[in-house]
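S.K.: I would like the atomic coordinates for the input below:
(2 chains)
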There are 2 protein chains.
Amino acid sequence: MASQEDHQSRDFPKVLLLKPMSTLIGEQPFTSTKFQYLKAYESPLALHQFLATHAQEIQAILSYDSAPVNAEILRQLPNVRVVVTTTAGVNHIDLPECCRRGIIVANSGDIYSSDVADVAVGLLISVLRKITAADRYMKQGLRAARGDYPLGSKLGGKRVGIVGLGHIGSLVAKRLEAFGCQISYNSRKKKPCVSYPFYAELRELAANSDALIVCCGLTEKTYHMIDKEVLAALGKDGVIVNIGRGPIIDEKEMVRRLVQGELGGAGLDVFENEPDVPKELFALDNVVMTPHNAVLTPESLKDVAKHAVGNLEAFFANRPLLSPYMDE
Amino acid sequence: MASQEDHQSRDFPKVLLLKPMSTLIGEQPFTSTKFQYLKAYESPLALHQFLATHAQEIQAILSYDSAPVNAEILRQLPNVRVVVTTTAGVNHIDLPECCRRGIIVANSGDIYSSDVADVAVGLLISVLRKITAADRYMKQGLRAARGDYPLGSKLGGKRVGIVGLGHIGSLVAKRLEAFGCQISYNSRKKKPCVSYPFYAELRELAANSDALIVCCGLTEKTYHMIDKEVLAALGKDGVIVNIGRGPIIDEKEMVRRLVQGELGGAGLDVFENEPDVPKELFALDNVVMTPHNAVLTPESLKDVAKHAVGNLEAFFANRPLLSPYMDE
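M.R.: A predicted model of the protein is given here:
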């Protein structure tokens, strides 16, 4: 990453960094020879003083993790024309303020999507074929003592309902087609170019599915969308996989059903009150949990850095952004 | 299943059963109205007496699990013309004796293949993306206490070497293509209709793969085929998945490398001395183990029964068998 003191970089466009890069990825992958970073967190100045000092020269903000870009910050920087974030979500950016001021926002595009889709499928296989539970059984040395572990259930022919057929949902569907699953979906509206059966009613999708995979984002409309009725429709042999956001499912109801055997199993990367996880799930062999990291691999983090730099370089070269964020 | 005492069944062709059906599946799915079973294990007679009593009328043998059909049995039954087994493997049938006597053998065909392929992919995802290990971490309540679990590694772009590109290997490849993996393979010979890169030397395949998936059968040639050199070529970040047979891998060497960090991880459904499993693997988070049940789901067991009955009915109706076994 170019140093602020680098003599040659004085005329480079300036990009504001509000917080240090995640230690998962470090600064190195964000290096560019086309612009220069101004790091607020390395300055002895308070943030508002730092921003006042550099107000005229800052043309872009690189945002990552959840370093918020709020209206207060934006108002101090009259020449900012673009905000680039390394995340897929843009909740931490004040979009209305950006819109008012004509600031373009770019996100990580679809870079994380395949990683999330991979884990969604991994969770489903692990629940259906009891891989995680069997591994635990084996590692406790129980095979010789107690004999065969119970069989799991076949993937082929399973009716899988995708909740939210965006880019991630489509990648999940594509993968599961290769396993011989029968895909159908629920989405805000029917997709004209998709041949999978569409269910306008989530409950109907659940009633016609052996497994539901929650792939949508969290909005006011999707909050607790997987409720008592949907879970009841999915039934006692049904499996739910959630790689969207925890609060999309009524977690209390889901946990109750899992504990009482009214739901067949669950593969969960996200939870309603993270990092807390319902302790009732700890003892359940038909539940597989990952710590909200479906989206992350070191390979994708590198891609994301490259992509963020690409967005900034494109902007400064007056080329179209790689992944402008468009509110649907 | 038709009773031996059933009046109407006296003229039906007779099929010998040597041992009771597996309790996993029971007798019901094997029912047919086209032939009659003679159950040696229900008779008070010793086996050789039972066979002598029914020697002339037995035209077929239904073999399952590993009830052996050896030369001694076959020699007592001059009118047997077909042996149908519910297994994919035919090791428990004396093939040379069948061949000498013109007895046709039928196996389970490819019914189990998709289940095995599903678990192969499930094991690979679980090892690479650390799903099983993360689930254990979560269920021990360590997330709140210790924070983020280490990230796994991306599936997309991984170079996966298929060892043995038969039906199972092809199904594994098809699934992994949907994840964006780069497939290549080693087999007895190059397949003319396959576009994946072929490596005649297993060591060369390993050197050019991030993961190897062992899909071949166990023969004298494949015994310890995955040896010290192959594992060294796969390297310290390489992952090995075995859904073939345990002794195809030099297990002692594999365990040593896993323990010493000279191999990246392993997904193992089979072991060299089953049901024993190397205890050194119990503590390893980068190893995922299942108890040699990749092949089994209740759904497939039903299909297998239907298929075995179909083979027998086809035989007695002078139609081609559904899945005659052909020695390659």
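S.K.: Skipping its backbone neighbours, what lies nearest residue A:79 in space?
M.R.: residue A:59 (5.4 Å; Cβ to Cβ, 6 or more residues apart in numbering or on different chains). Using the backbone N, CA and C atoms, a C-beta is placed for each residue, glycine as well.
S.K.: got it, and residue A:224?
M.R.: residue A:250 (4.7 Å).
S.K.: And for residue A:15?
M.R.: residue A:60 (4.5 Å).
S.K.: who does that neighbour bridge with?
M.R.: Beta-bridge partners for residue A:60, by DSSP bridges, are residue A:15, residue A:82.
S.K.: Show me the shaky parts of the stretch 201-328 of chain A.
M.R.: Applying pLDDT under 70 to the stretch 201-328 of chain A picks out residues A:327-328.
S.K.: Tell me the residues on it that lie near chain B, please.
M.R.: Taking Cβ under 8 Å from any Cβ of the partner chain as the contact definition, the stretch 201-328 of chain A meets chain B at A:275-277, A:279, A:281-283, A:288-291, A:293-294, A:296-300.
S.K.: The closest residue to residue A:323 other than its chain neighbours sits in which helix or strand?
M.R.: Among residues not flanking residue A:323 along the chain, residue A:109 sits closest, at 3.3 Å (Cβ to Cβ, 6+ apart). Secondary structure assigned from DSSP states H and E places residue A:109 in neither a helix nor a strand.
S.K.: neighbours of the closest residue to residue A:282 other than its chain neighbours, just the number please.
M.R.: In this structure, residue A:282 finds its nearest non-sequential neighbour in residue B:139, 4.5 Å apart by Cβ to Cβ, 6+ apart. Residue B:139 has 21 neighbours, counted by other Cβ atoms under 10 Å in any protein chain shown.
S.K.: need the contact list for the nearest residue to residue A:242 once chain neighbours are set aside.
M.R.: Sequence neighbours aside, residue A:214 is the residue nearest to residue A:242 in space, at 4.4 Å (criterion: Cβ to Cβ, 6+ apart). Shown in contact with residue A:214 (Cβ atoms under 8 Å, 6 or more residues apart in numbering or on different chains): A:163, A:164, A:226, A:240, A:241, A:242, A:243, A:244, A:248, A:249.
S.K.: try 6 Å this time
M.R.: The contact partners of residue A:214, by Cβ atoms under 6 Å, 6 or more residues apart in numbering or on different chains, come to A:163, A:242, A:244, A:248.
S.K.: neighbours around the last one, how many?
M.R.: By the measure other Cβ under 10 Å, the count of residues near residue A:248 is 24.
S.K.: repeat for the second one
M.R.: Using other Cβ under 10 Å, residue A:242 has 26 other residues around it.
S.K.: what about the longest helix in chain A?
M.R.: What stands out as the longest helix in chain A, according to DSSP state H, is helix A:298-316.
S.K.: picking that back up, got a pLDDT number for the residue nearest to residue A:15?
M.R.: Predicted confidence (pLDDT) for residue A:60: 97.
S.K.: Just confirm it contacts residue A:82, I think it does.
M.R.: Yes: with contact defined as Cβ atoms under 6 Å, residue A:60 reaches residue A:82; the gap is 4.7 Å.
S.K.: Settle it for me: which of those two has more neighbours?
M.R.: Neighbours per residue (other Cβ under 10 Å) separate residue A:60 from residue A:82, with residue A:60 holding more: 24 against 21.
S.K.: how near is that one to chain B?
M.R.: Separation of residue A:60 from chain B (Cβ to the nearest Cβ, to the nearest Å) stands at 28 Å.
S.K.: now do residue A:173
M.R.: Distance, residue A:173 to chain B, by Cβ to the nearest Cβ: 10 Å.
S.K.: Report the distance from stretch A:162-176 to the chain centre.
M.R.: Relative to its parent chain, stretch A:162-176 has a centroid offset of 13 Å by Cα atoms, centre = their mean, to the nearest Å.
S.K.: Please enumerate residues in contact with it?
M.R.: Residues contacting stretch A:162-176 (Cβ under 6 Å, 6+ apart): A:110, A:113-114, A:116-117, A:120-121, A:160, A:183, A:185-187, A:212-216, B:178.
S.K.: Buried ones only from these, please, as a PyMOL command.
M.R.: Typed into PyMOL, the line below selects the buried ones among the contacts of stretch A:162-176, using 16 or more other Cβ atoms under 10 Å in any protein chain shown:
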select buried, (chain A and resi 113+114+116+117+120+121+160+183+185+186+187+212+213+214+215+216) or (chain B and resi 178)
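S.K.: Residue A:24 and chain B: what is the separation?
M.R.: 7 Å.
S.K.: Just give the nearest non-adjacent residue to that residue, would you?
M.R.: Nearest residue to residue A:24, sequence neighbours excluded (Cβ to Cβ, 6+ apart): residue A:301, at 6.0 Å.
S.K.: Quick one: neighbours of that neighbour, just the number.
M.R.: Using other Cβ under 10 Å, residue A:301 is surrounded by 23 other residues.
S.K.: again with residue A:266
M.R.: Residue A:266: 24 neighbours (other Cβ under 10 Å).
S.K.: Chain B versus residue A:202, what's the distance?
M.R.: Distance of residue A:202 to chain B, computed by Cβ to the nearest Cβ: 26 Å.
S.K.: Domain boundaries for chain A, per the record?
M.R.: The record's domain parsing of chain A by the TED database lists A:14-107+A:297-317, A:112-289.
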